[in-house]
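**Q** Build me a structure from this.
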Amino acid sequence: MTIISWIILGLLAGAIAKFLLPGRDPGGIIGTTVIGVAGAFIGGWISARWLDHPITRDFYDGATWAAAIGGSLVLLIAYRLLFGHSRD
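**A** This is a model prediction of the structure:
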């Protein structure tokens, strides 16, 4: 996959992560999508490095999507834990 594909995958993964974890985010929609893109990269890297599942070149691979969404969820949870109370 190209870098553009990973960005698109990250945007969609960020939207899915936001859907799975509703609530107010400190960064809003822009912050959530940036977290989605970063989560896609990190999830893909973790999947290839430690889970012994190399990322395929296919955009529609289920494991690639699961890694991207999982990475986005982890980053979104960490972001909320670190910066979630800044609007109180």
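**Q** And for Thr2, the neighbour number?
**A** If you count neighbours by other CB atoms under 10 Å, Thr2 ends up with 9. For glycine as for every other residue, the C-beta is placed from the backbone atoms N, C-alpha and C.
**Q** err, Trp50, not the other one
**A** Residues near Trp50, counting by other CB under 10 Å: 8.
**Q** Now the residue nearest to Ile29 when sequence neighbours are not counted: which helix or strand?
**A** Sequence neighbours aside, Lys18 is the residue nearest to Ile29 in space, at 8.0 Å (criterion: CB to CB, 6 or more residues apart in numbering). Using DSSP states H and E, Lys18 sits within helix 3-20.
**Q** List the buried residues for that helix?
**A** Judged by neighbour count using 16 or more other CB atoms under 10 Å, the buried positions of helix 3-20 are Trp6, Leu9, Gly10, Leu11, Leu12, Ala13, Gly14, Ala15, Ile16, Ala17, Lys18.
**Q** Double-check Trp6 against Phe41; I have them as touching.
**A** Yes - here Trp6 reaches Phe41: they are 6.3 Å apart, a contact under CB atoms under 8 Å.
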